[in-house]
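Enquirer: My questions concern the predicted model and sequence given below.
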Amino acid sequence: MLKTVEIDLLPERAYDDQAILAKCSEALYGKEIQGFRVIRRSIDARKQPVKYRLRVEIYDQEVSQREFSFDRKQAQNGTVAIIGAGPAGLFAALRLLEDGVKPIIFERGKDVRGRRRDLAAIHKEHTVNPHSNYCFGEGGAGTYSDGKLYTRSKKRGDVRKVLEVLVEHGASENILEDAHPHIGTNKLPDLITKIRETILKLGGEVRFENFVDDILIEENKVVGLSVNGEVQSFDQVILATGHSARDIYCMLDSKGVALEFKNFALGVRVEHPQSLIDGRQYHCDVRPEFLPPAAYSLVSQVDGKGVFSFCMCPGGIIAPCATKDKEVVTNGWSPSKRNNPYANSGIVAQVEWDDIPEFHSLGAMAGLHFQKSVERRCWEAGGMTQTAPAQRLKDFVAGNPSSTLPVCSYGPGVVPARVDQLLPKFVSKRLQQAFRDFDRKIRGFIHPDAIVVAPESRTSSPVKIPRHKESLQHPEVLGLYPCGEGAGFAGGIVSAAMDGQKIAAKCVEQVAAK
């Protein structure tokens, strides 16, 4: 490699190899370039004209096409059980196979294809399958809720390796370059299927509709699992169940396994016309053809606590993400083209221990029961179906009822409600102030046709399953490896995948020591 340079290009030329080559040559004062590779591509919309900024590696020889080779082996060196086939569980399995250790994944839900019928039933029939929904099933919550790959957790593991594994299994190479990479809900199922096929080809197992109803512990050691009521022996178990597997927390709590309260966030989904966000972020009346639908990232401090945007979905859909009856939960997703007419985002307020004194008697489970109380209240306000309570954003901020609602992408439907009164008072107060702050940062954010839909309550786990700093096992239960979002050690696809890899490496050490 000769040098790394940064160049600016107009949107219509940002993916044009000849334009990139010419600009790099210009940056080197006309020097002839034999090869280059884009390593980062981001949008600079601070002023007109909006440009792409590229970081490019320049070479004195031709650059070959990217090829990824992962040294995985046929499973033959011991067995590790993995509970959950989300990103943490799948990437743990792939890492185990690098050392020939056999993973057996127990997934309570269905494969990616089978899940689709259950998702349709939530939208059309308001029926929630507690084992197969937007949160549970092959690929976890990320499969049918977007596939955003941006993470700030770069010190937790090898981000590049995670992205390369995804490219190996069918993701676009653009995710290796884009500042905020994204796959899209329409493309993730095929990718997840290919990861499963890799695991199976090397002798691993993925067992669907296998609900782990108990973790068997004797003398502070894992000795097995009860799966659909059948006992199976294991001495190493990776617990990668995701942040919505409340029955797992309850089961561990009933067995006296140490758990901890964890800060989390709760609020609403807010939806705007995508054209409004485009206009404000790109400083234009109509978004130029070569720019993607615009996103935003917002944060405010109210009463010394954070209020922030979460899982922002340009050109997206608000989705029903309840995991059982008698609760309403919202989330958001976008297809790969992000071509729907609405932009939605979670806007959530931080919830800490001192915010919920009425739940303190529940100890580590306080946050979980606080979440449940809000979700139940919203279910009742929505008519005891998956219809969600909603309010115009301007009325939410002003504390007024909404007699009518704008069109909303939420499939099961919305009903006018005093969302500002349904949410806990401290949450509504902080959101109202934050929305005023956001309106100053993005002019017109409190738009007449913006709508808030409640609740956005599953931003992260409200419970932490502790683990030893060195062994990564639960400090009181040998052989139990809390992992990923559900254990409180990740927040998103990439960080969960990295945590799965890290946990699997520790399991390999234990297998080798036997």
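Expert: Perfect, I can see it now.

Enquirer: residue boundaries of the helices in the stretch 401-514 of the chain?
Expert: Secondary structure of the stretch 401-514 of the chain (DSSP state H, counting those that start in this stretch): helices at 419-422, 425-441, 484-487, 493-513.

Enquirer: Dump those to CSV, plus mean neighbour count, distance to Y59 and mean pLDDT.
Expert: (Glycine included, C-beta is placed from N, CA and C.) Below are the helices of the stretch 401-514 of the chain laid out as CSV (neighbours: other Cβ atoms under 10 Å; distance: least, Cβ to Cβ, whole Å; pLDDT from 0 to 100):
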stretch, mean neighbour count, distance to Y59, mean pLDDT
helix 419-422, 22, 55, 98
helix 425-441, 18, 41, 98
helix 484-487, 30, 38, 96
helix 493-513, 23, 28, 94
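
Enquirer: Same list, those helices, but as TSV with distance to P335 please.
Expert: Putting the helices of the stretch 401-514 of the chain into TSV (distance: least, Cβ to Cβ, whole Å) gives the following:
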stretch	distance to P335
helix 419-422	27
helix 425-441	26
helix 484-487	23
helix 493-513	16
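
Enquirer: what's around I347, how many residues?
Expert: The tally of other residues near I347 (other Cβ atoms under 10 Å) stands at 25.

Enquirer: Kindly list the main-chain dihedrals of it?
Expert: phi -120, psi 110 (degrees, to the nearest 10).

Enquirer: Hmm, E271 and it touching each other?
Expert: No: taking contacts as Cβ atoms under 8 Å, I347 lies outside contact range of E271: 10.6 Å.

Enquirer: shared neighbours, those two?
Expert: V452 (Cβ atoms under 8 Å, 6 or more residues apart in numbering).

Enquirer: How about the contacts made by D253?
Expert: By Cβ under 8 Å, 6+ apart, D253 lies in contact with L259, A364, M365.

Enquirer: Apply 10 Å and report the result again.
Expert: L259, L362, G363, A364, M365, L368, V463 (Cβ atoms under 10 Å, 6 or more residues apart in numbering).

Enquirer: Using neighbour counts, trim those residues to the buried set.
Expert: For the contacts of D253, a burial check counting by 16 or more other Cβ atoms under 10 Å picks out L259, A364, M365, L368, V463.

Enquirer: List just the nearest of those residues to V419.
Expert: Checking those against V419 with Cβ to Cβ, the nearest one is L368 at 21.8 Å.

Enquirer: In which helix or strand does that closest one reside?
Expert: Applying DSSP states H and E as the criterion places L368 in helix 366-381.

Enquirer: How far off centre is the helix or strand just after that helix?
Expert: Counting by DSSP H and E, the element after helix 366-381 in chain order, helix or strand, is strand 388-392. Between the centre of strand 388-392 and the centre of its chain there are 24 Å (Cα atoms, centre = their mean, to the nearest Å).

Enquirer: From the contact counts, what lies against the next helix or strand after strand 388-392?
Expert: Sequence order places helix 393-398 as the next helix or strand after strand 388-392, per DSSP H and E. Counting by 3 or more Cβ pairs under 10 Å, 6 or more residues apart in numbering; DSSP states H and E, the packing neighbours recorded for helix 393-398 are strand 264-273, strand 388-392, helix 419-422, helix 425-441, strand 451-456.

Enquirer: Packing partners of the second one?
Expert: Counting contacts by 3+ Cβ pairs under 10 Å, 6+ apart, strand 388-392 is packed against strand 264-273, strand 317-320, helix 366-381, helix 393-398, strand 414-416, helix 419-422, strand 451-456.

Enquirer: wait, what's in contact with G140?
Expert: Residues in contact with G140 (Cβ under 10 Å, 6+ apart) are 84-90, 107, 109, 134, 192, 240-244, 484-486, 493, 496.

Enquirer: so of the residues you listed, which ones are in helices?
Expert: P87, A88, G89, L90, I192, G484, E485, G486, I493, A496 (DSSP state H).

Enquirer: biggest separation within the residues you listed, which pair?
Expert: I192 and G486 (18.0 Å).

Enquirer: Among the helices of the stretch 401-514 of the chain, which comes closest to G411?
Expert: Nearest to G411, of all the helices of the stretch 401-514 of the chain, is helix 419-422, at 18.5 Å by Cβ to Cβ.

Enquirer: Could you name the helices and strands sitting against the closest one?
Expert: strand 264-273, helix 366-381, strand 388-392, helix 393-398, helix 425-441, strand 451-456.
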